Structure formats: C-alpha cells, structure tokens
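Asker: requesting a structural model of the entry that follows:
(one chain, ligands or ions: 1)
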Amino acid sequence: MYSSISLGYANKLDMPIPLTAPDIARLIAGAPSRFDLWLRLLRTNPPDSAAEIGVWKGDFAKVILSNFNNLTKYYMIDPWAHLPDWNKPFNVDDRSFEDVYAEALLKTEFAANRRIVLRGRTSAVIDEIPTSRSTSPTSMETIRLGG
Ligand SMILES: C[S@@+](CC[C@H](N)C(=O)[O-])C[C@H]1O[C@@H](n2cnc3c(N)ncnc32)[C@H](O)[C@@H]1O
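Answerer: Here you go, the predicted structure:
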C-alpha cells in the first residue's frame, strides 16, 4: 500500500476526470511534480469530496485542501501506526507515528472543518465514508485514481 485518492461529485453524471489518454499524457509531460500533476488533473473537474488513502505527514492533503476550497469533505485515511505486515520504509515505530500523525493534523489544521480523519487501515475505516447508495448528500463515488 502506498497512497491513492478517491473523488466524489455531487452530480453523479459528472465524469471524474473528463480526459482522454493523450490529454493525460500531455498533463504528465508538463507537470513538474506529482503534486502539480494532481492539481492539473483535479482542476479539469474539481471534486466536492475526496479520500486520500495513506496520508503520512499530510503534505499532499495540505496541497489539495489549500487549492480546492470547494472540497468540503476530505477523508484522510491512515492507521498512523506500525503495521506488522507492511514492508515499506514508511513503516516506522508507533512512537514515531504519533509525531507523523501530529504533523499531519497540524498541516491540515487550516481546513479542520473540511477534513475527516479516519485513523485505521483502509479496510477497517472505509465503511465510515458514505457511499453513493446512501441518502447522504455528501456521498462519494469512490473512484481510485492513484496508487
Ligand atoms: C507513502 S506514505 C503516503 C504519502 C502521502 N500520500 C503524501 O503524498 O504525502 C504511505 C502511508 O500509507 C499508510 N498506510 C499503510 N498501509 C495502509 C492501509 N492499509 N490503509 C491506509 N493507509 C495505509 C502509512 O501509514 C503511510 O502513512
């Protein structure tokens, strides 16, 4: 697991990213960083809700939240805890993860009323996000775009 983002739109008929493969290739070629690439992609159809899976210190969340003021629900999903079955350099010890968690909260504090922090593995917390089948006006079309 690294990270990904899922997007939600109030109008379910909206295409999440209304771009062709050549359009996306052009965006990739012109983007100086992965953050910038996501900004360019999302600006083609700004979402009203999104879920970032794997948040770490909140750098990506901060960029997205500060660039999309109409993004009213941003789900930040991460256990912020050492995982025995995740063999990656980011899998630090629990004590270090507390600092990482605090940093993620601090970096997104400016958007505290728009972020929803779901601390746990994706599989454990994903049901806390309303689905498009629910009656919630903020339900999400969960379309994973990154990996
Ligand atoms: C590479 S970092 C994410 C970087 C972040 N998206 C960014 O762009 O700044 C990977 C994160 O995934 C989290 N993670 C690992 N397994 C996970 C799981 N099953 N569900 C959610 N998050 C997970 C880790 O705790 C870690 O914080």
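Asker: switch to C-alpha atoms for all contacts and neighbour counts from now on
Answerer: Noted.
Asker: where does residue 75 land in three-state SS?
Answerer: Of the three states, residue 75 takes strand under DSSP: H, G, I helix; E, B strand; the rest coil.
Asker: relative to residue 64, how far out is it?
Answerer: 12 Å (CA to CA, to the nearest Å).
Asker: and residue 118, by the same measure?
Answerer: The gap separating residue 118 from residue 64 is 17 Å, by CA to CA.
Asker: which residues of the chain lie near the ligand?
Answerer: Counting by CA under 6 Å from any ligand atom, the chain comes close to the ligand at 1-3, 53-56, 58-60, 77-80, 90, 121-122.
Asker: in helices only, show me the residues you listed.
Answerer: Under the assignment DSSP state H, the residues of the chain next to the ligand contribute 59-60, 122 to helices.
Asker: just the buried ones from those, in PyMOL syntax?
Answerer: When burial is assessed using 16 or more other CA atoms under 10 Å, the buried subset of those is captured in PyMOL by this command:
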select buried, resi 60
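Asker: quick one: which of the ones in helices among the residues of the chain next to the ligand is nearest to residue 101?
Answerer: Minimum distance to residue 101 across these is 11.7 Å, recorded for residue 59 (CA to CA).
Asker: picking that back up, can you lay out the ones in helices among the residues of the chain next to the ligand as JSON lines showing pLDDT?
Answerer: Shown next, in JSON lines, are these (pLDDT from 0 to 100):
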{"residue": "59", "pLDDT": "96"}
{"residue": "60", "pLDDT": "94"}
{"residue": "122", "pLDDT": "93"}
